[in-house]
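>>> Sequence and predicted structure are below.
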Amino acid sequence: MTAANLTLPGTSYGDAGATELFNPTTGASFTQIGAASAAEVDAAIERAQAAYLAWRDVAPGTKAALLRAFAAQVTEHRDELAALEVLNSGHVLGNALWEADNVANVLNYYAGAPERHAGQQIPVPGGVDITFHEPLGVVGVIVPWNFPMPIAGWGFAPALAAGNAVVLKPAEVTPLTALRLAELALEAGLPEHLLQVVTGRGSVVGQRFVDHPLVRKVCFTGSTEVGQGIMRGCADQIKRLTLELGGKSANIIFDDVDIEAAAAAAPGAVFENSGQDCCARSRILVQQNVYEKFLAALEPAVTKLVVGDPAGAGTDLGPLITARHRDSVTQYIAGADIAYSGSAPGGDGYFVAPSVAMPRGVDDPIWRDEVFGPVVAVMPFADEAEAIRLANDTEFGLSGSIYTRDIGRALRVARGVESGNLSINSHSSVRYWTPFGGFKQSGLGRELGPDALNSFSEVKNVFISTEN
Ligand code: NAD
């Protein structure tokens, strides 16, 4: 399916104007999407509350069947969803297909929950004590532009499975797949208004999720700065909150591994999605005695990457999301000491060539800031203690990798690095059946995995007397 034969999903919102969408591959404007006003958001939240009250009481088996039907719809429309993401976000086609499949997988995984999310029976004198997992009500999910489909699914699938209704705000520039997913939910038979996508500005739509008392939880993924404001806002109502924020993760390479193989794998850990990945291992730490060897082996792995049309077979990296973001990334690269770069097409698309930087020290912005583009900084370290110290010298703590054949060292370093998601001798990405989230300013709470349901519900304790 190509952009030419796609039917674009629309929105009924628009009291606060519209957002123009640009194809990042060509720089051309291709449609406009309406922006909701605060009053329109409030109406959507009220509709969601009514849908929640009915959904809460739907039989667990029926909920499960509907979530599986939704997953099946997503799978049936994976080509269309992927084509929308290529057009709207510039994602490489293979990645976009994986992202659509991830939504279906997460729905299927949490479709197992309504029949299994059981409480406890706790021994007490004089009666019986039981616990229930009660849904929260309306959950507001706020999604960034870098992974519009998976991050939407990580919020709405467990929220719906736990018995809540969802209002979801996609990023201004990437609303199309979320809008289509909401249509597919309806086509699958999910009740009307149970999953609503409200398009518009963060400061209007997202802010109403924070301020409106009927929204009982905000599930936010985005920048640390916006997350801090949301956390402050949620404090007013002690509103439940999950934050998935920025990252500046380390890939630590010890001298006892196959250095060529570690260098060949490193670009995949940082340049995926053109580096617009919160889990990007954008700092590489290499043991001093193999540092030069690693840098030499990394060069061909970087320069061979194909940057270009995301719909094309054989493309490794697509464009960045907007002209503004491209300019921010190219400024970082211009201000850094670059060892070598790959190539990228010219023209009006938002392409940036992948680059390897030599940081001038730990305060160099290329080493410290989340650049969110195809640039990686490489620094040597002397020993295990220094590797851990450098890896932890950041306000973030989301992801990371450790390459060593020494199992004791691998586990010591994994325990020492302050980060929520680590891979040993691998750059594994997020698995939907394992927990995901950040330490320090990378976030609060965990998504995915078996425990995510608990953050979309409250435990209620009930004591029944057997003596009256
Ligand atoms: P952003 O913070 O600018 O925007 C994220 C979302 O918040 C958007 O939908 C935006 O409209 C909305 N928003 C903006 N202002 C708001 C406000 N005042 N109130 C409520 N909502 C508001 O982030 P972005 O630029 O879209 O995404 C990139 C960032 O997301 C990076 O920092 C990246 O690391 C992070 N991210 C984190 C994870 C993770 O799981 N930890 C995953 C993906 C992206």
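Everything's here; your move.
>>> so where's the protein uncertain?
1-4 (pLDDT under 70).
>>> so Gln120 makes contact with Phe132?
No. Judged on CB atoms under 8 Å, Gln120 makes no contact with Phe132 at a distance of 9.5 Å. Using the backbone N, CA and C atoms, a C-beta is placed for each residue, glycine as well.
>>> So these two - more neighbours on which side?
Neighbour totals were compared for Gln120 and Phe132, and Phe132 leads with 14 against 11 (other CB atoms under 10 Å).
>>> Tell me the bridge partners for that one.
Beta-bridge partners for Phe132, by DSSP bridges, are Lys460.
>>> Arg360 contacts Asp337, doesn't it?
Yes. Taking CB under 8 Å as the definition, Arg360 is a contact partner of Asp337 at 6.3 Å.
>>> how many neighbours does Asp363 have?
Applying other CB under 10 Å, we find 9 residues neighbouring Asp363.
>>> would it count as being in a helix?
No. Counting by DSSP: H, G, I helix; E, B strand; the rest coil, one finds Asp363 to be coil, located in no helix.
>>> Please pull up the helix or strand immediately following the helix or strand hosting Ala301.
Using DSSP states H and E, Ala301 falls within helix 291-303. Following helix 291-303 in sequence order, the next helix or strand is helix 323-334 (DSSP H and E).
>>> and the helix or strand just after that following helix, what does it pack onto?
The C-terminal neighbour of helix 323-334 among helices and strands, as given by DSSP H and E, is strand 338-341. When contacts are defined as 3 or more CB pairs under 8 Å, 6 or more residues apart in numbering; DSSP states H and E, strand 338-341 sits against helix 291-303, strand 355-357.
>>> can you give me how far strand 338-341 is from the chain middle?
29 Å (CA atoms, centre = their mean, to the nearest Å).
>>> who touches it?
295, 299, 302-303, 333, 353-358, 378 (CB atoms under 8 Å, 6 or more residues apart in numbering).
>>> go again using 10 Å as the cut-off
With contact meaning CB atoms under 10 Å, 6 or more residues apart in numbering, strand 338-341 is reached by 295, 298-300, 302-303, 333, 352-358, 366, 374-375, 377-378.
>>> overlap between those and the residues near the ligand?
Among the contacts of strand 338-341, no residue is within reach of the ligand (CB under 6 Å from any ligand atom).
>>> quick one, what contacts the residue nearest to the spatial centre of the chain?
For the chain, Ile151 is the residue whose C-alpha lies nearest the centre (CA atoms, centre = their mean; 4.3 Å). Contact analysis of Ile151 by CB under 10 Å, 6+ apart lists 99, 102-103, 141-145, 168, 170-171, 178, 219, 221-222, 244, 278, 430, 447.
>>> circling back: list the buried ones in the helix holding Ala301?
Going by neighbour count (16 or more other CB atoms under 10 Å), the buried part of helix 291-303 is 291, 294-295, 297-298, 301-302.
>>> now stretch 79-97
By neighbour count with 16+ other CB under 10 Å, stretch 79-97 contains the buried residues 80-93, 95-97.
>>> Pro319: neighbour count?
Residues near Pro319, counting by other CB under 10 Å, number 28.
>>> Now do the SS call for Val128.
Of the three states, Val128 takes strand under three-state DSSP.
>>> Please look at Val302 and Val356 and confirm they touch.
Yes. Using CB atoms under 10 Å, Val302 makes contact with Val356 at a distance of 5.8 Å.
>>> intersection of neighbour lists for these two?
266-267, 270, 339-342, 374, 376.
>>> Of those residues, select the buried ones using a ChimeraX command.
In ChimeraX, a selection of the buried entries from those looks like this (16+ other CB under 10 Å):
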select :266,267,270,341,342,374,376
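>>> Quickly name whichever of the shared contacts of Val302 and Val356 is closest to Phe463.
Val270 (53.4 Å; CB to CB).
>>> Looking at the buried residues of helix 291-303, which is nearest Ile424?
Ranked by distance to Ile424 (CB to CB), the buried residues of helix 291-303 are led by Phe294 at 17.9 Å.
>>> for that closest one, what are its contacts?
253, 255, 257, 259-260, 262-263, 266, 284, 286-287, 378, 380.
>>> Pro213 now?
Pro213 makes contact with 45, 137-138, 236-237, 239 under the criterion CB under 10 Å, 6+ apart.
>>> again, but for Val329
Val329 touches 274-276, 320, 350, 352, 355, 371-375, counting by CB under 10 Å, 6+ apart.
>>> Not including adjacent chain positions, what is the nearest residue to it?
Residue nearest to Val329 in three dimensions, not counting chain neighbours: Gly373, with 3.1 Å by CB to CB, 6 or more residues apart in numbering.
>>> Give me the neighbour count for the one you found.
Gly373 has 25 neighbouring residues, counting by other CB under 10 Å.
>>> Surely it is in contact with Thr322?
No. Counting by CB under 10 Å, Thr322 is not a contact partner of Gly373; they are 11.6 Å apart.
>>> residues contacting the residue of the stretch 1-150 of the chain found nearest the ligand?
Nearest to the ligand in the stretch 1-150 of the chain, going by CB to the nearest ligand atom, is Pro144, at a distance of 3.0 Å. Contacts for Pro144 (CB under 10 Å, 6+ apart) come out as 151, 170-171, 173-174, 202, 220-223, 226, 244-245, 276, 278, 321.
>>> Helix or strand for it, just tell me which one.
Per DSSP H and E, there is no helix or strand for Pro144.
>>> start the count at 452, not 1, going forward
Got it, first residue is 452 now, which makes that one Pro595.
>>> Kindly confirm my reading that Ala523 is in a helix.
Yes. Counting by three-state DSSP, one finds Ala523 located in a helix.
>>> In the stretch 702-851 of the chain, which residue sits nearest the ligand?
Closest point on the stretch 702-851 of the chain to the ligand, by CB to the nearest ligand atom, is Cys729, at 3.3 Å.
>>> Regarding that residue, what is its secondary structure?
Following three-state DSSP, we place Cys729 in the coil state.
>>> how much space between Val813 and Gly867?
The gap separating Val813 from Gly867 is 18 Å, by CB to CB, to the nearest Å.
>>> Residues of the stretch 552-701 of the chain that sit close to the ligand?
Contacts of the stretch 552-701 of the chain with the ligand, taken as CB under 6 Å from any ligand atom, map to 593-598, 602, 620, 622-623, 653-654, 657-658, 672-674, 677, 680-681, 695-698.
>>> Buried among the residues you listed? Need that as a selection in PyMOL.
Command for PyMOL, covering only those of those found buried under the criterion 16+ other CB under 10 Å:
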select buried, resi 593+594+595+596+597+598+602+620+622+623+653+657+658+672+673+677+680+681+695+696+697+698
